[in-house]
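Participant: Based on what follows, work out the 3D shape:
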Amino acid sequence: MRRDPLVLPLLALLLVAGCTAAQGEPTPTGSGEPRATATKSHPKPRRQPYTISFAGDVHFEGVLRTRLDGDPRTALGPIASVLRKSDLTALNLETAITTGGTPAPGKQFTFRAPPTAFAALKAAGVDVVTMANNHGMDYMEPGLKDTLAAIRKSRFPVVGIGKDEAEAYRPFRTTVKGNRVAVIGATQVLDSQFIQSWTATRDKGGLASAKNEPRLVQAVRQARKASDTVIVFLHWGTELVKCPTPAQRSLAATLVDAGADVVVGSHAHILLGGGYSGQAYVQYGLGNFAFYNWGPDTGTTGVLTLQINGRKVLKDQWTPARISGGVPIPVTGAGRQQALSAFRALRGCTGLAAAPDA
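Facilitator: Residues are numbered from 1 along each chain as shown. Take a look at the predicted model:
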């Protein structure tokens, strides 16, 4: 059968076009966009265990203020070498960041520090702080404005405080060795006359309050959806009381049920016990850390370091220290074992276990 003389050239063109498309070259589509070419899929990085350290209350009042004038790497003293070893470090910054403002009326103790505090903390190996505590707004609304401005300028990660409720309860998020970590800050301790004025709302700046328990639970549940590890850092407890209060134990259980893997906190000025609640780790009181007030009990401190993989807390370690000159000095020699035994004994009144559930 005779072929049309135009058929062979047409077939050749079709073969060329087919080969070109098969090789992944872009060809026009109906939308005018090139057709997507095949790409290799990259596997999600595998999680590996990471370490996170926690420390208690820090301000820069009294003997500590001058430490901000020197090398920021030495502001927290020799304990910084412990903080820097961890993949992540968090503590409670118990002060307003302002050089102005008016002290909160009726408060016996008010704390404030200049913005250089953030540089000192960063240089000491601290990665994130919570400012949700009963001193975070010691210089009232003007002090809050200065604090938020200093946070923005320094770009230092801070939780538990914000221009509104959404910002105050928003977690700090980071990825460490493949683990998506979320850290939330909130305070269960507020002077009664300031509960309303210091608590962040939809249209007012302030602190994340654990007294608004449903809102804190909501923050934990939201963080759980997109995190491998959810951590809540609280300001809680009763000053100089060595055992957790019923309010602390109730809140810890509620937060663990909501999805928190680690719940830690401070406020009592002394150490409280810690341990496991099921698979979660709870620490009821980290004590003073860099603080102008120290004595036999209030000067006993240290660093809690957890090794975590996803939701599993694999190991807990306590580095004991004593406050001297306002800063923590790691305990060495014969006193170290005694300090470790004393810390472990604090677990006795917590209802927590020495190891996670099998």
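Participant: Please tell me how far the top strand by length along the chain is from the chain's geometric centre.
Facilitator: Assignment by DSSP state E gives strand 312-324 as the longest strand of the chain. A distance of 16 Å separates the centroid of the chain from that of strand 312-324, by CA atoms, centre = their mean, to the nearest Å.
Participant: Same check on stretch 287-297?
Facilitator: So, by CA atoms, centre = their mean, the centroid of stretch 287-297 is 22 Å from its chain's centroid.
Participant: and the end-to-end length of it?
Facilitator: Chord length of stretch 287-297, first to last residue, is 9 Å (CA to CA, to the nearest Å).
Participant: Could you do stretch 57-65 as well?
Facilitator: 15 Å.
Participant: Residue 220 should be in a strand, yeah?
Facilitator: No - applying DSSP: H, G, I helix; E, B strand; the rest coil, one finds residue 220 to be helix, outside a strand.
Participant: Enumerate every residue touching the residue nearest to it when sequence neighbours are not counted.
Facilitator: Nearest non-adjacent residue to residue 220, counting by CB to CB, 6 or more residues apart in numbering: residue 258, 4.3 Å away. In this view, the C-beta of every residue, glycine as well, is placed from N, C-alpha and C. Contact analysis of residue 258 by CB atoms under 8 Å, 6 or more residues apart in numbering lists 217, 220-221, 224.
Participant: Tell me, how many residues neighbour residue 63?
Facilitator: 12 (other CB atoms under 10 Å).
Participant: Can you pull the phi and psi angles for the closest residue to it other than its chain neighbours?
Facilitator: Take residue 63 and drop its neighbours on the chain: the residue closest to it by CB to CB, 6+ apart is residue 326, 4.4 Å away. As for residue 326, its main-chain torsions (degrees, to the nearest 10) stand at phi 90, psi -10.
Participant: which residues sit in contact with residue 326?
Facilitator: 62-64, 67, 290-292, 294.
Participant: Now, of these, which are buried?
Facilitator: 64, 67, 290-292, 294 (16 or more other CB atoms under 10 Å).
Participant: what bits of the stretch 1-150 of the chain have low per-residue confidence?
Facilitator: 1-44 (pLDDT under 70).
Participant: can you give me the helices for the stretch 251-358 of the chain?
Facilitator: Under the criterion DSSP state H, counting those that start in this stretch, the stretch 251-358 of the chain contains helices at 334-345.
Participant: nope, the stretch 51-200 of the chain is what I meant
Facilitator: 80-85, 116-123, 140-154, 165-168, 195-198.
Participant: Which of the ones you listed sits closest to residue 330?
Facilitator: Smallest distance to residue 330 across the helices of the stretch 51-200 of the chain (CB to CB): 6.5 Å, for helix 80-85.
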